[in-house]
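Visitor: Below: sequence and its predicted model.
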Amino acid sequence: MDLELRHLKTIRAIADAGSLTRAAMALGLAQPALSTQLKRIERTLGGPLFTRGRHGVRPTALGELVLDRAGVLLPAARELQEEAVRFARAWDGMPRFRLGGTHGPLLGGLVDRLAASHPGVAVTTRTSWSEREIAALVVEGRVDFALVGACGESPPPAADRLVWREIAVDPVFVMLGRDHPLADRNQVELGQLAEESWTDVPGDGCFADCFAAACARSGFTPVRVYETDTASCVHLVQVGRAVGLCRATFPPTPGLVTRPLAGAPLRWRHLIGWHPGAPAAGVATSVVGHARAAHTEAAARSTSYTRWLAEHPGFGAVPPTAIGCHDSV
């Protein structure tokens, strides 16, 4: 019998589980079948790979050697497969921009700029509430660029697999109905909203925890938070059912106003990412520039944010020549 990658995966699974019974469950096999398979692998490799005892199995010296080599071969094989799939999906001789993004105005702005600057080139989009899902699509070669956000200083998803560039840093604003008692304020203290219900869009980052922590620092716990889509968030604010959390670039909308929170207790970093080994890497600099310009255009459409930016120069689009501390590979 020749040694195959699936055999190394089996050995790795047994070592990780610490027992044949648990490994069999993880692999979806009957325990006797796994024992038989292990014996065949051990005959192929020339000796026992594990010692068996009352508390499970432990690698032998030979087992440690094989596991050490498997730790190199299995990731290399996975990366080869991913690279081949990514190449096959991303490069068929036809120029195109495949964008993945979460909710927000920047994705639409980037699509508009790319379509205008590259007429005749296909620009397609994939959207999800999940930043991790969007990043995974780039890793798999199904999307060329990921346009996502991250709260505060939290790292972007798949930071060890993708190149990330910071597009802009925005404060988080609050959406208020036009008849709200605080709607005429230039800024709002978070503590002034302690008795309010809140609404926000979903996501799989740490924003919910960051919001809860900011509220705690202001001395309260939110009464309730309605997590729903953008249109429903707007409706709940318009009818006075809740106040909303939004990015500072949120476009003007009938029936509501957006106001900065005093002291900017919550920040949102806009990021764009791509795979360094994909063909898209060759046009990444241009796409980053378009994304930053799209943010500048979105910010200019918000009177409240334009006024706030004039007094807070550390926010807004990242200058083209800046290399931020969040740039990473």
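Guide: It's in.

Visitor: drop to CA atoms for contacts and neighbour counts, all remaining ones
Guide: OK.

Visitor: what ranges do the helices span in this structure?
Guide: Counting by DSSP state H, one finds helices in the chain at the ranges 5-17, 20-27, 31-45, 61-90, 105-117, 131-139, 207-217, 230-238, 284-300, 303-309.

Visitor: Return the angle between stretch directions for the lowest-mean-pLDDT helix or strand in the chain and helix 31-45.
Guide: Taking mean pLDDT, DSSP states H and E as the measure, helix 61-90 is the helix or strand of the chain with the lowest mean score, a mean of 81. Angle, helix 61-90 to helix 31-45, by axes from the mean of the first three to the mean of the last three C-alpha atoms, to 10 degrees: 100 degrees.

Visitor: Outline the domain layout of the chain.
Guide: 5-82, 91-329 (automatic domain parsing).

Visitor: Arrange these in JSON lines, one row each, with mean neighbour count as further columns.
Guide: Formatted as JSON lines, the domains of the chain follow (neighbours: other C-alpha atoms under 10 Å):
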{"stretch": "domain 5-82", "mean neighbour count": "15"}
{"stretch": "domain 91-329", "mean neighbour count": "18"}
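
Visitor: Going by contacts, tell me the helices and strands next to the least confident helix or strand of the chain.
Guide: The contact analysis (3 or more C-alpha pairs under 8 Å, 6 or more residues apart in numbering; DSSP states H and E) places helix 61-90 against helix 5-17.

Visitor: roughly how far is the longest strand along the chain from the heart of the chain?
Guide: The longest strand of the chain (DSSP state E) is strand 163-177. Centre-to-centre, strand 163-177 and its host chain are 15 Å apart (C-alpha atoms, centre = their mean, to the nearest Å).

Visitor: where does the protein dip in pLDDT?
Guide: Flagging of the chain using pLDDT under 70 yields the residue ranges 85-95, 320-329.

Visitor: Roughly how far does the residue positioned nearest the centre of it sit from A77?
Guide: By C-alpha atoms, centre = their mean, the chain has its centre lying nearest to E131, at 2.7 Å. Distance, E131 to A77, by C-alpha to C-alpha, to the nearest Å: 26 Å.

Visitor: What of S304?
Guide: Taking C-alpha to C-alpha, one finds S304 at 52 Å from A77.

Visitor: who's in contact with the closest residue in space to L49 that isn't next to it in sequence?
Guide: What sits nearest to L49 in space, not counting adjacent residues and going by C-alpha to C-alpha, 6 or more residues apart in numbering, is G63, at 4.1 Å. For G63, the contact set (C-alpha atoms under 8 Å, 6 or more residues apart in numbering) comprises 48-50.

Visitor: name the helices or strands packed onto the longest strand of the chain?
Guide: Using 3+ C-alpha pairs under 8 Å, 6+ apart: strand 163-177 touches helix 230-238, strand 243-247, strand 256-260, strand 267-274, helix 284-300, strand 316-317.

Visitor: got JSON lines for the ones you listed, with distance to S197 too?
Guide: Converted to JSON lines, these look like this (distance: least, C-alpha to C-alpha, whole Å):
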{"stretch": "helix 230-238", "distance to S197": "10"}
{"stretch": "strand 243-247", "distance to S197": "6"}
{"stretch": "strand 256-260", "distance to S197": "16"}
{"stretch": "strand 267-274", "distance to S197": "21"}
{"stretch": "helix 284-300", "distance to S197": "27"}
{"stretch": "strand 316-317", "distance to S197": "28"}
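
Visitor: Figure out which of those is closest to D2.
Guide: D2 lies closest to strand 267-274 among the helices and strands packed on strand 163-177, at 37.9 Å (C-alpha to C-alpha).

Visitor: The closest one - contacts with which helices or strands?
Guide: strand 145-151, strand 163-177.
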